[in-house]
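Novice: would you be able to build a 3D model of this:
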Amino acid sequence: MIEIHPDARISKLADIEDSVRGTRIIIGAFSSIDSFVKFKPAGGVADVVIGERSVINSGCVLYTGNGIVIGNDVAIAANCTFAPVNHAYHDKSRRINQQGFLPGKGGIIIEDDVWIGANCVILDGAILRQGCVIGAGSIVRSEVAAYSINVGNPLQQIGMRK
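Specialist: Alright, predicted model coming up:
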């Protein structure tokens, strides 16, 4: 089920794929989804919920998996991937594409007033606390402190917002 607030702005070139397993994709008021953003129900049955006044720029991909919650006033730059899923792969006697998914780590939570730079990868279990900043090209797989400034892989805190 796809629920888009009437005041949200969705590019005609965005691709929001509806789930056949009941996953919901909810986009809040005054949020903006740019061209070539893809929402893909895969790897779980949790929802994607985007708050108000948040912006997702061109080329981002959001898998529903174990769920994504994006707060209010979040800015997401181009070409970021949100993957709240974990593929199973340990059994070498079975092809990888037959092993399904591992249990979830809680999905992805992005609190209010967060900025995510271009080309970041946000993985299952990531919690981006209020006001934090993630530099371009970073990989986030765990909790990030509120109002902290972070970059890289592995992610390192380099400062705090003042």
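Novice: residues contacting the residue of the chain positioned farthest from its centre?
Specialist: Distance from the C-alpha centroid of the chain, by Cα atoms, centre = their mean, peaks at Ser93 (32.3 Å). Listed by Cβ atoms under 8 Å, 6 or more residues apart in numbering, Ser93 has no contact partners. The way it works is simple: take the backbone N, C-alpha and C, and place the C-beta from them, glycine included.
Novice: likewise for Ile68?
Specialist: 46-49, 62, 82, 84, 107-108, 110.
Novice: take those residues and lay them out in JSON lines including neighbour count and secondary structure.
Specialist: Shown next, in JSON lines, are the contacts of Ile68 (neighbours: other Cβ atoms under 10 Å; DSSP: H, G, I helix; E, B strand; the rest coil):
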{"residue": "Ala46", "neighbour count": "21", "secondary structure": "coil"}
{"residue": "Asp47", "neighbour count": "19", "secondary structure": "coil"}
{"residue": "Val48", "neighbour count": "27", "secondary structure": "strand"}
{"residue": "Val49", "neighbour count": "16", "secondary structure": "strand"}
{"residue": "Leu62", "neighbour count": "26", "secondary structure": "strand"}
{"residue": "Phe82", "neighbour count": "29", "secondary structure": "strand"}
{"residue": "Pro84", "neighbour count": "28", "secondary structure": "coil"}
{"residue": "Gly107", "neighbour count": "22", "secondary structure": "coil"}
{"residue": "Ile108", "neighbour count": "27", "secondary structure": "strand"}
{"residue": "Ile110", "neighbour count": "27", "secondary structure": "strand"}
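Novice: okay, now Arg53: neighbour count?
Specialist: By the criterion of other Cβ atoms under 10 Å, Arg53 has 19 neighbours.
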